[in-house]
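K.L.:
task: produce atomic coordinates for the following.
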Amino acid sequence: MKKLPGAIGIDRNLSTAADVVCDLDSFPYPFRDAAFDAIRAIHVIEHVSDIVRTMEEFHRLLHPGGRVEIVTPHYTDFSSFCDPTHRWHLNSFSFRYFGEDDAGFGYYSAARFREISVRVKLLRLWRALGFELLVNRFPRFRRFWEHYLCFVVRGKVIEFEFEKPAGA
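P.N.:
Here you go, the predicted model:
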């Protein structure tokens, strides 16, 4: 994926064109607190060893009101399992522990984010039949799909956007 203008690219692989070479499993990252307005983790989160610690680090790096965008394969997509470097297979509710609806598991982390959006992309056939519209427009339908239908009506990618609340 191409870098946005003005962005700082990070990778652990020395053979990439990254601006900063660092291991995202080694904390803290080499940046000061509240250094960024936005963080884009595009096909990254499924590779880290500790999602909770990584989200806490994103929280530390964002200034209040800053946003984090996360894109990852849906766990029912073939690509989630065909890459041996994927450690996690996630669904559209995987980050709820960091929000208001922490399902009673908010004790895992003090880092809090406000959910701006969760968008699920489905395989082309299901998109054409209107399932993607239903999954994304109606949260209750998304929950029903995630619980009962997603192994038939397969997901492709999940796009999350979160905001670090003011005062956090």
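K.L.:
now do the helices in the chain.
P.N.:
51-61, 78-82, 124-128, 131-137, 139-144 (DSSP state H).
K.L.:
just those: most buried one?
P.N.:
Each of the helices of the chain was assessed for mean neighbour count using mean count of other CB atoms under 10 Å. The highest is helix 51-61, with a mean of 19. Using the backbone N, CA and C atoms, a C-beta is placed for each residue, glycine as well.
K.L.:
got the contact list for that helix?
P.N.:
24, 27-29, 31, 33-36, 39, 41, 45, 48, 68, 88, 94-95, 97-98, 108-113, 164, 168 (CB atoms under 8 Å, 6 or more residues apart in numbering).
K.L.:
swap in stretch 73-83?
P.N.:
Around stretch 73-83, the neighbours that count as contacts under CB under 8 Å, 6+ apart are 43, 46, 86, 89-92, 120-121, 123, 150-151, 154-158.
K.L.:
so how far is residue 167 from the residue sitting nearest the centre point of the chain?
P.N.:
Among the residues of the chain, the one closest to the centroid is residue 70, at 3.1 Å (CA atoms, centre = their mean). Using CB to CB, to the nearest Å, one obtains 22 Å as the distance from residue 70 to residue 167.
K.L.:
for stretch 49-67, measure first residue to last.
P.N.:
End-to-end distance of stretch 49-67: 22 Å, with CA to CA, to the nearest Å as the criterion.
K.L.:
quick one: mean pLDDT for it?
P.N.:
For stretch 49-67, the mean per-residue pLDDT is 96.
K.L.:
the residue nearest to the centre of the chain bridge partners, please.
P.N.:
Taking DSSP bridges, one finds residue 41, residue 160 as the beta-bridge partners of residue 70.
K.L.:
list the contacts of it.
P.N.:
Applying CB under 8 Å, 6+ apart, the residues near residue 70 are 41-42, 44-45, 95, 159-162.
K.L.:
could you do residue 115 as well?
P.N.:
Counting by CB under 8 Å, 6+ apart, the residues that residue 115 touches are 95, 99-100, 160-162.
K.L.:
can I get these in JSON lines including neighbour count, distance to residue 137 and pLDDT?
P.N.:
As requested, the contacts of residue 115 are exported to JSON lines (neighbours: other CB atoms under 10 Å; distance: CB to CB, whole Å; pLDDT from 0 to 100):
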{"residue": "95", "neighbour count": "21", "distance to residue 137": "20", "pLDDT": "92"}
{"residue": "99", "neighbour count": "15", "distance to residue 137": "20", "pLDDT": "88"}
{"residue": "100", "neighbour count": "10", "distance to residue 137": "21", "pLDDT": "83"}
{"residue": "160", "neighbour count": "21", "distance to residue 137": "17", "pLDDT": "97"}
{"residue": "161", "neighbour count": "18", "distance to residue 137": "16", "pLDDT": "98"}
{"residue": "162", "neighbour count": "25", "distance to residue 137": "20", "pLDDT": "97"}
